[in-house]
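>>> How does the following fold in three dimensions:
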Amino acid sequence: MTAVKVNQEVLSGVEELMNKPVLDGKCPGLFATLFLGDEILLEKGVGQHKIGAGEPKPDTSFRIASCTKSFTIAALLILRDRGALDLNQPITDFVEEYRFSEISAYKTIPTVGQLAAMSSGLPSDDPWADRQESISGGALREIVARGVHTVSNPGAIYQYSNLGFALLGQVIEKASGVDYREFVTRELLKPLGMNDSGFDAGLFDEEHLAVGYRKSGKTWIELPFSASGAFSCIGGLFSSGRDLRTWAHWLHSSFEPNASNTGPLSAQSRHSMQQIVTSAPFNAHLATIPSNAHRAFGYGLGLFVEVDPKYGQFVSHSGGYPGFSSHMRWHVPTGLSVVVLENATYSGAWATATGILDYALEKLNFELPLEDKWPQTHELAQQADLLVRQWSDELAEEIFEENVDLDVPYKERESIIKALIDEVGGLTQASSLDEVKSASDSPLHFIWDIAGKTGSIRCEIRLNPITPIRIQTLNVKKAEK
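Below is the predicted model:
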């Protein structure tokens, strides 16, 4: 992990961003928290958790909507790790009623894993699904028995399917033998001490429960809570900023070197949730922030993943439900994280949270550090530097794997390198071996420039994966100005 120190100037700017949604009239109330591991950097309640009442507190529970999906996947992986199910099983092993509609051109049964990775072939369905929460499991099975529409072969493309995640709730119930909500509460919420979280509004007193609203003209209209049911696994969880801090920190901790298997799910399984499984070529949310539109984007398992050339990897999930908007997000290289909870329909908590984290990283002048190289990498780079300056077959035999000579014979390499040296007017005597900021992707990969009188040449080595450690790749070319 890369250490960062967030100063008061940065926190003052973050606080302004936390205030903005309420000041701009996007929601009656908001709770936001910026944290680094288990250290709270800033937390703030703004506005009213219920109109006429006080501001949200760290233990105020909001409907977190689709952030629930990460809990659904964690529950699924717990059962997978216990051998109760396999992600490669077809959904019909658990929901026998699954049928295709007559108008569907694609009629291959998706696997549990494809449903989890949003690549089942089912289409996006937010507005419809958000109103289905309280239906029973039997009603859900009747719906799919009538025939589902598909828009692609399973595994082919990303489509955000809530129906697919509702089916995962049925998988969890059949594999565990208990109700989905009971399983998540017993296996995840209680072991992690998430006492502000649950699936029923009746679990919380009025003082600790945010009420949801939608805006009609200039008037906020209070919305009723839907009852929990078969679609609760897509977005029915209530949770607080305090609890989601715990959840986000626990998920991010799987990136730590030699991460421990603390909590109900192994570090390896938590880590697998946060790797792109289904790529998404375009993301409408990111595209509205021009500086972020270039990020690679995709869905892991219950979590979104973004990769930025400058900042590295982000993991997140948004939630939008009648009356609520939520977003949790963490920066993988540093662990800097943010949770934003708002009590208005689709008010854009994702934009608030993304803006906060991007702002903090920009103000901290964060850039991905060069990959720490092993001492053996530096030592072999020094030997390769000597070899480029003055070729020696004897030294080449000592530092290279056998494939190097087989790929391009030593005499040919020597001739190519000599021509490059002549092209830059000969080499200078200085040999600092400073690593070039580049796409170096491993502790066993090193790139450096050697200065000449009229230019420079760029050298690159990559080491082998076995003992004894040697160079498997040597590339030498003229460096671009």
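>>> What ranges does the stretch 201-350 of the chain have for its helices?
232-235, 241-252, 267-273, 284-287, 349-363 (DSSP state H, counting those that start in this stretch).
>>> Can I get those helices in JSON lines including mean neighbour count, distance to Phe35 and mean pLDDT?
The way it works is simple: take the backbone N, C-alpha and C, and place the C-beta from them, glycine included. Output for those, formatted as JSON lines (neighbours: other CB atoms under 10 Å; distance: least, CB to CB, whole Å; pLDDT from 0 to 100):
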{"stretch": "helix 232-235", "mean neighbour count": "28", "distance to Phe35": "23", "mean pLDDT": "97"}
{"stretch": "helix 241-252", "mean neighbour count": "23", "distance to Phe35": "6", "mean pLDDT": "98"}
{"stretch": "helix 267-273", "mean neighbour count": "19", "distance to Phe35": "18", "mean pLDDT": "97"}
{"stretch": "helix 284-287", "mean neighbour count": "14", "distance to Phe35": "22", "mean pLDDT": "58"}
{"stretch": "helix 349-363", "mean neighbour count": "22", "distance to Phe35": "11", "mean pLDDT": "96"}
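>>> for stretch 132-143, which positions count as buried?
Within stretch 132-143, the residues that qualify as buried are 132-133, 135, 137, 140-141, 143, counting by 16 or more other CB atoms under 10 Å.
>>> Sorry, slip of the keys, the one I care about is stretch 65-82.
So for stretch 65-82, counting by 16+ other CB under 10 Å, buried means 65-80.
>>> which one among those residues gets closest to Leu368?
Ser70 (25.1 Å; CB to CB).
>>> Surely the closest one is within a helix?
Yes - Ser70 forms part of a helix when assessed by DSSP: H, G, I helix; E, B strand; the rest coil.
>>> For it, which non-adjacent residue is spatially closest?
The spatially closest residue to Ser70, leaving aside those adjacent along the chain, is Gly302, at 4.2 Å (CB to CB, 6 or more residues apart in numbering).
>>> Next one: that neighbour from Ile221, what distance?
31 Å (CB to CB, to the nearest Å).
>>> how about Arg270, what does it touch?
74, 250-251, 253-254 (CB atoms under 8 Å, 6 or more residues apart in numbering).
>>> Out of the residues you listed, flag the one nearest to Val6.
Closest to Val6, out of all of those and judged by CB to CB, is Ser253, at 19.0 Å.
>>> If I look at His317, what pLDDT would I see?
As predicted, His317 sits at a pLDDT of 97.
>>> ditto for Pro309
86.
>>> Looks like it contacts Asn292 (just checking).
No - counting by CB atoms under 8 Å, Asn292 is not a contact partner of Pro309; they are 11.2 Å apart.
>>> Looking at the two, which one has more neighbours?
Asn292 (19 against 11; other CB atoms under 10 Å).
>>> residues in contact with that one?
Contacts of Asn292 by CB under 8 Å, 6+ apart are 286, 306, 308, 354, 358.
>>> got it, and Ala353?
32, 316, 327-329, 338-340.
>>> ok, now Ser269?
Taking CB under 8 Å, 6+ apart as the test, what Ser269 contacts is 74, 77-78, 80-81.
>>> Mind doing that once more with 7 Å?
Counting by CB atoms under 7 Å, 6 or more residues apart in numbering, Ser269 touches 77, 81.
>>> And for Phe225?
Phe225 is in contact with Ala201, counting by CB under 7 Å, 6+ apart.
>>> What backbone torsions are found at it?
phi -80, psi 130 (degrees, to the nearest 10).
>>> Just give me the neighbour total for the residue nearest to Ser70.
Residues near Gly302, counting by other CB under 10 Å: 26.
>>> That one and Gly235, how far apart?
12 Å.
>>> cool, and Trp374?
For Trp374, the distance to Gly235 - CB to CB - is 45 Å.
>>> go on, Thr185?
16 Å.
>>> Tally up the residues packed near Pro224, please.
10.
>>> Could you do Ala293 as well?
Using other CB under 10 Å, Ala293 has 12 neighbouring residues.
>>> who's in contact with Ile157?
Residues in contact with Ile157 (CB under 7 Å, 6+ apart) are Ser119.
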